[in-house]
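S.K.: Model the structure of this input:
(2 chains)
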Amino acid sequence: MKFGLFFEISVPRPWGPDTEYRVYQNCLEQVRLADELGFDQVWAVEHHFLEEYSHCSAPELFLTACAMQTKHIRVGHGIVVCVPQFNHPIRVAERAAVLDILSGGRLEFGTGRSATWTELGGFQADPDETKKTWDEYVRVIPKMWTQERFGYRGRAFSMPKRAVLPKPYQKPHPPMWVAVTSPGTELDAAERGLGSLGLTFGGFAEQEQRIAEYRRRIRSCEPVGEFVNEQVNTVNFLFCHEDREYAIRTGQRLAGTFNYLAEQLLTARQAYPTRSYPSLGLLPALRREATSAPEGQVPEGLCIGDPDRIVDVIKKWESVGVDRINFLLNAIETIPQEEVLASLRLFAREVMPKFGVRPPAAAVEVS
Amino acid sequence: MPLTGTRDLSSLAGDAPLMPALDTEPITLEGVEVLQVMEEIDDAAITSLLPPALHPTIPPTLTAVFWRVRLSPWGPFELAQVRIGCRAGARPRALLLRAFCNSEPAAEALARGWGLPVVSGDVRMRHYYDRVVGRVVAAGKLVLEAQLVDPEAISGADIQYIANLNLARLERNGTVQLRLVQFDPEYVFHKAERGRPELGAFDAAAWNVPDAVPDWPISASYALCDIELPQIRYLVDPAKPPLQAVERLAHV
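M.R.: Residues are numbered from 1 along each chain as shown, chains lettered A, B, ... in the order given. Model prediction:
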């Protein structure tokens, strides 16, 4: 089991001159600490126009800053929007390669397509097209990275032969993932040899079934890249505190705030009738999972509580086949930064060793 | 936390129908044609169209909805609504402050039973091969023309209709209360289409949304479906903050 951070970078109103600056600095501080504590990866979303919910529109820059301020932690695009109006595929390949070089080969490359009308409408992207363009992108981008010169006549774009430069530092290329929000996308991941970057919590039973099918299908996949990235990554909330009741109260506030913000988004399906978005994706699933327990209790799969409870939860995730868990630490700064950092330290000291992750002693003593 | 509305709806109490009770029995209307045209509206009105109980959508939106009902307990009727997209807490909803109907008995039943703030008007919705057109004329003036142009077949499962919050007055405990009545019909689709949205005439004041300025088309859909008009289950006090505003009725 590996552990990471997952950033939406949500910024609370009122927006003063330094609000966004302060939130970004807090996130960077969390990443630096996570690196010291032995966390394996940090992921950042790409969202646009999502007021308060996510001000993370240029994740490649944020992740570059993360890489420059850390030594070991891997940096993950969670995800790059593979829609031409958002990102031209050549630019995606180029930026990812530069980030991989600057980070010394620490890039994880997540792909996806956006799920809100706010974003799709803002870029005037056709919701019917996004699944198709995503599929085209994930097939061509690894070729841009690995072929000396690459030319292409396609559907979403075409280009005469050119050397797409630079090439990634990792050879043959960074691990590739796809964001899995709707049921069934994990099968898309499996068929293409991609890692499953799960963004919904789900209950253990449901996830176990989906993960088993993913692993079954990926055995016969036709990988879009040079290798198969058979890994299952999930997202979760983290608030760890010695006082279980306090932890639950605070963690529930974190989850509730995040989900409340998420529900404010205007999803593609609510605005535009299309077969391309058969479910509402991440947002309602998050809310359901975070609110499906009786009052005062925590839904079964959430990493909220004292270290013992969190160990138990993670062991269950491990048993259903999850390889990595990435944690949302805050939402519109609802938890003070010092408490977020203390939660990370306690998790690293009491929980991570139970899963074979041993942080540097000096980092633990700081707490 | 998200933006909230700033509008005091008490000035519209005179337009809100009086509901003597909340125990309306569900009924099903079969073979209803539905036209829905959705537009983004100018964000200058992002909070001024909604009461404090509701959050705006981002971007703010408006939906024009037409029903052509050929068979009902009140005879055939056509209904037009203009609704403002919003959230009641975490739930997607659409605020309805004015509707028009071309049948007095239907208008009265919808107002009395489900709190639709509906008045008489000349409502016509027609399906052609090249377009679906909805028009409303009130007091001799065209107050809405919405079209779906170049229809193409889709699945009914591709359409998601958002539930209404209807502004109504309720007789409860010897007092009259101004409330938003959740109106969340169930739909069984038989046929569905989508096409290019076009909003022609739109008189915002006639719909009690005087600041709403449509400025970007989003979508248009048409459906032939059965609609179950629901039991009333939730109310929203428009003047309260979002997390305190929702009331679940005892019979739910």
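S.K.: of all of the stretch 51-200 of chain B, which residue lies closest to chain A?
M.R.: For the stretch 51-200 of chain B and chain A, the shortest gap (C-beta to the nearest C-beta) falls at B:Ala90, measuring 3.7 Å. The way it works is simple: take the backbone N, C-alpha and C, and place the C-beta from them, glycine included.
S.K.: Count the neighbours of that residue for me.
M.R.: As a burial measure, B:Ala90 scores 20 neighbours (other C-beta atoms under 10 Å in any protein chain shown).
S.K.: Quick check, it in contact with A:Tyr260.
M.R.: Yes. The pair B:Ala90 / A:Tyr260 is scored as a contact, 5.4 Å apart, by C-beta atoms under 8 Å.
S.K.: hmm, back to that, what are the phi and psi values for the residue of the stretch 51-200 of chain B closest to chain A?
M.R.: In terms of degrees, to the nearest 10, the main-chain angles of B:Ala90 are phi -100, psi 0.
S.K.: Which residue lies closest in space to it, excluding its sequence neighbours?
M.R.: Nearest residue to B:Ala90 in three dimensions, chain neighbours excluded: A:Glu263, at 3.7 Å (C-beta to C-beta, 6 or more residues apart in numbering or on different chains).
S.K.: Could you give the number of residues near that neighbour?
M.R.: 21.
S.K.: B:Pro230 too?
M.R.: 17.
S.K.: partners of A:Val178 in the sheet?
M.R.: Counting by DSSP bridges, A:Val178 is bridged to A:Thr111, A:Ser196.
S.K.: and B:Phe189, what are its bridge partners?
M.R.: Residues in a beta bridge with B:Phe189, per DSSP bridges, are B:Cys225.
S.K.: which ones are touching A:Asp126?
M.R.: For A:Asp126, the contacting residues are A:Leu120, by C-beta atoms under 8 Å, 6 or more residues apart in numbering or on different chains.
S.K.: Tell me the predicted confidence for it.
M.R.: In this model, A:Asp126 is scored at 97, pLDDT.
S.K.: Contact residues of chain B facing chain A?
M.R.: Applying C-beta under 8 Å from any C-beta of the partner chain, one finds that chain B approaches chain A through B:1-3, B:38, B:40, B:55, B:57-59, B:61, B:85, B:87, B:89-92, B:154-155, B:157-160, B:162, B:192, B:194, B:216, B:218-219, B:221.
S.K.: Can you select the buried ones among those for me in PyMOL?
M.R.: Here is the PyMOL command that picks out the buried ones among the residues of chain B next to chain A, judged by 16 or more other C-beta atoms under 10 Å in any protein chain shown:
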select buried, chain B and resi 1+2+3+38+40+55+57+58+59+61+85+87+89+90+91+92+154+158+159+160+162+192+194+218+219+221
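S.K.: burial measure for the closest residue to B:Pro210 other than its chain neighbours, as a count.
M.R.: For B:Pro210, ignoring the flanking residues on the chain, the nearest one in space by C-beta to C-beta, 6+ apart is B:Ala204 at 5.3 Å. For B:Ala204, the count of nearby residues is 19 (other C-beta under 10 Å).
S.K.: Next: the one 10 residues further on.
M.R.: A total of 21 residues lie near B:Pro214 under the criterion other C-beta under 10 Å.
S.K.: With A:Ser10 instead?
M.R.: Per other C-beta under 10 Å, the neighbour tally for A:Ser10 reads 24.
S.K.: Let's test this: what are the backbone torsions at it?
M.R.: Per degrees, to the nearest 10, the backbone of A:Ser10 is at phi -90, psi 140.
S.K.: my read: it touches A:Glu51, true?
M.R.: No. Applying C-beta under 8 Å as the test, A:Ser10 and A:Glu51 come out as separate, 9.7 Å apart.
S.K.: just to revisit the earlier point, wait, the residue nearest to B:Pro210 sits on B:Val213?
M.R.: Yes. If you go by C-beta under 8 Å, B:Ala204 and B:Val213 touch, sitting 7.1 Å apart.
S.K.: ok and the residue in the stretch 251-367 of chain A nearest chain B?
M.R.: Residue nearest to chain B within the stretch 251-367 of chain A: A:Glu263 (3.7 Å; C-beta to the nearest C-beta).
S.K.: got the phi/psi numbers for that residue?
M.R.: When quoted as degrees, to the nearest 10, the phi and psi of A:Glu263 stand at phi -70, psi -10.
S.K.: what's the answer for the one 4 residues further on, then?
M.R.: In terms of degrees, to the nearest 10, the main-chain angles of A:Thr267 are phi -70, psi 160.
S.K.: picking that back up, state the pLDDT value of the residue of the stretch 251-367 of chain A closest to chain B.
M.R.: For A:Glu263, the pLDDT comes out at 89.
S.K.: Could you identify the helix or strand that succeeds the longest helix belonging to chain B?
M.R.: Across chain B, the longest stretch assigned as helix under DSSP state H is helix B:104-114. Using DSSP states H and E, the helix or strand that follows helix B:104-114 in sequence is strand B:118-120.
S.K.: Next, B:Leu62: secondary structure please.
M.R.: The three-state label given to B:Leu62 by DSSP: H, G, I helix; E, B strand; the rest coil is strand.
S.K.: For the stretch 201-350 of chain A, which segments count as helices?
M.R.: A:204-218, A:244-263, A:268-271, A:282-291, A:307-319, A:337-346 (DSSP state H, counting those that start in this stretch).
S.K.: Which of the residues in the longest one are classified as buried?
M.R.: Neighbour counts over helix A:244-263 (16+ other C-beta under 10 Å) mark A:244, A:247-248, A:250-252, A:254-263 as buried.
S.K.: cool, the shortest one as well?
M.R.: In terms of neighbour count (16+ other C-beta under 10 Å), helix A:268-271 has its buried residues at A:268-271.
S.K.: Same list, these, but only the ones touching chain B.
M.R.: Checking those against chain B (C-beta under 8 Å from any C-beta), the matches are A:269-271.
S.K.: quick revisit: wait, isn't the residue nearest to B:Ala90 in contact with B:Arg91?
M.R.: Yes. With contact defined as C-beta under 8 Å, A:Glu263 counts as touching B:Arg91 (7.3 Å).
S.K.: where does the chain dip in pLDDT?
M.R.: Just so you know, I chose chain A. Confidence mapping of chain A against pLDDT under 70 gives the ranges A:200-202, A:279-292, A:294-296, A:359-367.
S.K.: my bad, chain B
M.R.: Where chain B drops to pLDDT under 70, the residues are B:252.
S.K.: State the helix or strand in which residue 78 lies.
M.R.: Just so you know, I chose chain A. For A:Gly78, the host element (DSSP H and E) is strand A:74-81.
S.K.: right idea, wrong chain: chain B
M.R.: Going by DSSP H and E, B:Glu78 is part of strand B:77-88.
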